[in-house]
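K.L.:
need coordinates for the following:
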Amino acid sequence: MLVFVTGASGHIGSLVVRELLDNGHRVSGLARSDAAAASVTAAGGQVVRGTLDDLDVLAGAASEADGVIHLAFQHDFNDYTGAAEVDLEAVKAMGEALVGSGKPFLTTSGTAMLATGPLSTVGTVGTVGTEESEPSAQGARAPSENATLALAARGVRASVIRLAPTVHGPTDLHGFIPTLIENARKTGQAIYVGDGANRWPAVHNVDAAHLYRLALEHAPAGSRLHGAAEEGIPFRDIAQVIGDQLGVPTVSVTPEEASSQLGFIGWVASLDNPTSSQITRQLLDWDPQRPTLLEDLRAGRYFARDV
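P.N.:
Below you'll find the predicted structure:
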């Protein structure tokens with residue numbers, strides 16, 4: 001099938017494009033720059049020039065495709081609410097173009113909306129989030145998730161993948177892990193919040209790309225899916241490996257100190273976000289095989305380049 005992919009040149013999208021092409025699909029990819037267009041073309045996809053603000057472009061590309069995977073997001077952590085509002089309008093535009101078609105429409109959310117922790121009032125500390133867990137009404141990306149799933153009643157095979165906050169692997173150049181490493185280099189210490197027992201789920205980006213293809217091909221309408229290969233890694237353990245690799249001490253900080261050093265990511269670093277993907281694995285026969293987050297960190301690749 002011809003699949004329209006937003007974020008086609010990005011960290012995860014570039015791997016999704018390769019996964020689709022290697023498995024017999026064709027791809028049209030949204031590209032907002034010459035560099036992004038060159039990346040899509042080099043991979044073997046067709047280029048759709050535009051941004052998430054170009055709603056007519058999004059709707060047109062969606063209607064011409066046999067399915068849509070929406071990965072693009074304006075990662076402006078200084079205005080995350082604004083970025084989420086742009087995302088919602090993009091989801092609505094593409095969704096309306098697919099109404100009544102029966103085509104697959106797969107969008108992206110995050111497991112962090114199910115998280116608890118020192119700076120969160122969501123749920124109960126220690127609760128493992130599942131695909132059946134409702135997102136917090138306060139979650140910035142909850143409206144997009146809900147708008148996607150509502151399309152299932154309007155003749156769209158719509159589903160959502162909630163990604164773990166840590167999607168690690170070969171194309172992860174600017175995500176949470178590189179940011180933590182760069183902060184440790186700059187400050188001379190690898191930090192965790194409180195006792196560091198709060199847990200982060202994780203998934204290798206190649207395993208995540210495989211999940212997107214499986215969901216495109218097989219996910220039932222209205223599915224919530226979890227892109228989490230590891231249920232939860234104590235954040236202290238993540239910080240310890242970063243400290244060991246850089247030769248700097250591992251230090252506990254307050255939530256306020258974490259936010260001062262890392263901004264929005266400092267808040268995320270305080271969350272307890274254990275996440276199950278059992279339903280997803282059973283539904284789609286998804287079996288993640290790539291290295292774990294700590295194995296990936298200990299391999300040294302994250303520390304062999306400037307990030």
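
K.L.:
pretty sure residue 251 sits against residue 191.
P.N.:
Yes. With contact defined as Cβ atoms under 8 Å, residue 251 reaches residue 191; the gap is 5.5 Å. Backbone N, C-alpha and C define where each C-beta goes, glycine included.

K.L.:
out of the two, which sits in the busier spot?
P.N.:
Neighbour count, other Cβ atoms under 10 Å: between residue 251 and residue 191, residue 191 has more, with 26 against 16.

K.L.:
pull up the per-residue confidence for the more buried one.
P.N.:
For residue 191, the pLDDT comes out at 97.

K.L.:
wait, a strand at it?
P.N.:
Yes. Using DSSP: H, G, I helix; E, B strand; the rest coil, the assignment for residue 191 is a strand.

K.L.:
so who does it touch?
P.N.:
Neighbouring residues of residue 191 by Cβ atoms under 8 Å, 6 or more residues apart in numbering: 180, 183-184, 239, 250-253, 257-258, 261, 269.

K.L.:
okay if I get those residues as a markdown table plus secondary structure and distance to residue 133?
P.N.:
Shown next, in a markdown table, are these (DSSP: H, G, I helix; E, B strand; the rest coil; distance: Cβ to Cβ, whole Å):
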| residue | secondary structure | distance to residue 133 |
| --- | --- | --- |
| 180 | helix | 26 |
| 183 | helix | 30 |
| 184 | helix | 32 |
| 239 | helix | 27 |
| 250 | strand | 31 |
| 251 | strand | 33 |
| 252 | strand | 29 |
| 253 | strand | 29 |
| 257 | helix | 30 |
| 258 | helix | 25 |
| 261 | helix | 30 |
| 269 | coil | 21 |
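
K.L.:
quick one: which of these is the most crowded by neighbours?
P.N.:
residue 269 leads the contacts of residue 191 on contacts (other Cβ under 10 Å) with 30 neighbours.

K.L.:
can you list the weak-confidence ranges in this structure?
P.N.:
The model of the chain has pLDDT under 70 over residues 77, 116-126, 305-307.

K.L.:
which residues touch the residue nearest in space to the middle of it?
P.N.:
Among the residues of the chain, the one closest to the centroid is residue 163, at 4.1 Å (Cα atoms, centre = their mean). Residue 163 is in contact with 12, 108-111, 203, 208, 227-228, counting by Cβ under 8 Å, 6+ apart.

K.L.:
helices of this structure, start to end?
P.N.:
13-22, 34-43, 55-64, 80-98, 142-150, 176-187, 205-218, 235-246, 255-262, 264-268, 278-284, 293-298 (DSSP state H).

K.L.:
of all those, which lies closest to residue 304?
P.N.:
Closest approach to residue 304 among the helices of the chain (Cβ to Cβ): helix 235-246, 9.9 Å.

K.L.:
buried ones in the closest one?
P.N.:
Under the neighbour-count criterion of 16 or more other Cβ atoms under 10 Å, helix 235-246 has 235-243, 245 buried.

K.L.:
output those residues as TSV; include the columns distance to residue 5.
P.N.:
Listed next are those as TSV, based on distance: Cβ to Cβ, whole Å:
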residue	distance to residue 5
235	32
236	37
237	34
238	30
239	34
240	37
241	33
242	32
243	37
245	33
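
K.L.:
quick check, nearest of those to residue 274?
P.N.:
Nearest to residue 274 among the buried residues of helix 235-246: residue 235, at 11.5 Å, using Cβ to Cβ.

K.L.:
and the closest one, what does it touch?
P.N.:
192-193, 196-200, 269.

K.L.:
separation between it and residue 218?
P.N.:
Distance, residue 235 to residue 218, by Cβ to Cβ, to the nearest Å: 34 Å.
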